[in-house]
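Peer 1: Let me see the structure of the following:
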Amino acid sequence: MKTLIPTLSLVLAAAGVFNPAAAATREHREFEATLLAPYRGDAGARPDARAFALSFDYPGLRGRVPVTWRVDLVAPSGRRVAQWHGHLALTGRPVDVVVRWTGSLAGRRPAPGIYHVRLHAAAGGETADQSWDIAVGTLPAPALPAFAPLATGHARMMAAPAPGALPYTVYYGNLHSQTRDSDGGGPVATCHGAQDPQTAPYGPDAAYPYARNHGLDILMVSEHNHMYDGSDGTNPDADPVKAKAMYQAGLKTARDYTGANPGFLALYGMEWGVIGNGGHLNIFDSDELLGWEKNAKGELIADTETAKSDYAALYALMRQRGLTGQFNHPALTGQFAVNGTPLAYTADGDAVMALCEVVNSSAFSASENEGETRRSNFEQACNKLLEAGYHVAFSSNQDNHCANWGASYSNRSAVLIPNGVPLDRASFLDAVRARRVFATMDKDAQVVFTANGHLMGERFDNTGALRLQVAYASASGRRAATVAIVEGVPGRNGDVSQLSDKADVTTVPAPGAHFYYAKVTQDDGRVLWSAPVWITQAAQP
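Peer 2: Down below sits the predicted model:
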């Protein structure tokens, strides 16, 4: 997880941990906390017992910083029924903590249901929050509507459309990764974190064939926009011509590889922004480098100037240019602020920001067999963006900094493209802008959500009853363990709620605006999120 509260550098500097001037310019120097909560218990004599794994890290830390943590177990009713807490010190190396639950509450087996495990951790002025669902007791499998799985772009799944299937093909990709053009591309054998910009051996020309050979249909190389000067800070000797040429070379590499490999889409763009007093977002389709850094001569190290951390101005420029974005690993506090309000809504932002990263695996994973266990969940922050009024679909990516693009875990972002339409940058952008996207932790699964026959991603007016249906398919024999349909109100800036645990439900919404999305948890605990549908319910006559 990547969240930085600006006061942390002052806290740690006062403790003599590091130089605040250096901290202000370094990316990926932030407190990280992840929670692994097994969906199923250990079985045996105590079938609900399990161990929760907490992982804490602070890459690049010099010195010592204290950490406090708390884990809450929350019943389906919303009541906290158990709590564990502790403290530790980080000194530059990861620290893992195991919290064991016996599977009982007050000496008794708990009532069956879906419980929530929540981690809150703090290091100085920085916080991290994680939440995962777990199954307790024996739960009936949900009844699911008949579903003809969609065709896929890769032979590992259903390669041809089933009879009666929706007229779309699913393509699975990783929409967030780095190479040596910024701070990625490190050799897997020696990669333990971010690389010094432009020092690693592997660039986009290595990333695309690697991803394709590992079964991906799409790879987005999203380089940090402020590292084209070869520095994690500001390089006073930077050559703007060289920086802009490198960005153009990356775009050409992506175009050429896509053209030479039909059925695979190579994307190249930027991850704009900084963590401290900012927030990272991907821009998928900019043919110009956007930035704020200048060299000692006052020359802009970019094509077009964008003020650092001014998200309102960036959204306005993106809308003017017709660009499309994704919120990367959003935090509940301290990010994407406009007029001092984090996760703030603007009409320009709503027009251009199409995706919200709901899950990513560890940015510094060196796994090449999809075995990474450190995963961060950002559903709470994505829900806040939806409640603020953003029309975003969920995505699931890997943020690779090592040379293992798409291979660290089985999660993917999936886009639905009309049958017969080739996969290319234009068709991808059309799908993303239409929010025909779902996020999955399982590359061999599908989820499709409809409302009165309208496909997920759509916005429409409704009168009377609204039938919501969740369809799920797995090519690897997995089954849906639970289904949740979540409801919220855009612009309310409140909290979402679960409308139903059924896959087929009819409701009559209150007059006004609503959004709904589906969440399917498989029997192995891996989760899929549909894109929302947005409706405006008419008042009853």
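Peer 1: quick one, what contacts residue 212?
Peer 2: Contacts were defined as CB atoms under 8 Å, 6 or more residues apart in numbering; by that measure residue 212 touches 219, 261, 264. Placement of C-beta: from N, CA and C, glycine included.
Peer 1: I'd assumed residue 132 was in a strand, is it?
Peer 2: Yes. When classified by DSSP: H, G, I helix; E, B strand; the rest coil, residue 132 is found to be part of a strand.
Peer 1: which residue sits closest to it, ignoring its sequence neighbours?
Peer 2: Here the nearest residue to residue 132 in space, its sequence neighbours aside, is residue 37; by CB to CB, 6 or more residues apart in numbering that works out to 4.2 Å.
Peer 1: Would you confirm that that neighbour contacts residue 54?
Peer 2: No. Between residue 37 and residue 54 there is no contact, the gap being 9.8 Å when judged by CB atoms under 8 Å.
Peer 1: still on that earlier bit, show me the contacts for the residue nearest to residue 132.
Peer 2: The neighbourhood of residue 37, defined by CB under 8 Å, 6+ apart, consists of 50, 52, 117, 132-134.
Peer 1: could I get these as a markdown table with distance to residue 290, pLDDT and neighbour count?
Peer 2: Rendered in a markdown table, the data for those read as follows (distance: CB to CB, whole Å; pLDDT from 0 to 100; neighbours: other CB atoms under 10 Å):
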| residue | distance to residue 290 | pLDDT | neighbour count |
| --- | --- | --- | --- |
| 50 | 46 | 97 | 22 |
| 52 | 41 | 98 | 20 |
| 117 | 39 | 98 | 22 |
| 132 | 35 | 96 | 21 |
| 133 | 38 | 96 | 21 |
| 134 | 42 | 97 | 21 |
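Peer 1: sorry, back to before: just the closest of the contacts of residue 212 to residue 451, please.
Peer 2: For these, the minimum distance to residue 451 (CB to CB) is 31.7 Å, reached by residue 219.
Peer 1: Excluding chain neighbours, what is closest to that closest one?
Peer 2: That would be residue 211: by CB to CB, 6+ apart, it lies 3.9 Å from residue 219.
Peer 1: Next, give phi and psi for that neighbour.
Peer 2: For residue 211, the backbone dihedrals are phi -60, psi -40 (criterion: degrees, to the nearest 10).
Peer 1: what's the burial count for it?
Peer 2: As a burial measure, the neighbour count of residue 211 was computed by other CB atoms under 10 Å and equals 25.
Peer 1: Low-confidence ranges, the stretch 151-300 of the chain, go.
Peer 2: Low-confidence regions of the stretch 151-300 of the chain, defined here as pLDDT under 70, cover residues 155-163.
Peer 1: Which parts of it are strands?
Peer 2: 151-152, 168-174, 218-224, 265-272, 281-283, 290-291 (DSSP state E, counting those that start in this stretch).
Peer 1: Would you reformat those strands as a markdown table and include distance to residue 90?
Peer 2: Formatted as a markdown table, the entries for the strands of the stretch 151-300 of the chain read as follows, by distance: least, CB to CB, whole Å:
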| stretch | distance to residue 90 |
| --- | --- |
| strand 151-152 | 42 |
| strand 168-174 | 29 |
| strand 218-224 | 24 |
| strand 265-272 | 25 |
| strand 281-283 | 28 |
| strand 290-291 | 32 |
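Peer 1: closest to residue 415 out of those strands?
Peer 2: Minimum separation from residue 415 across those (CB to CB) falls at strand 168-174, 5.4 Å.
Peer 1: Enumerate every residue touching the residue nearest to residue 219.
Peer 2: Counting by CB under 8 Å, 6+ apart, residue 211 makes contact with 174, 219, 264, 405-406.
Peer 1: I'd like the distance between it and residue 409.
Peer 2: Residue 211 sits 14 Å away from residue 409, taking CB to CB, to the nearest Å as the criterion.
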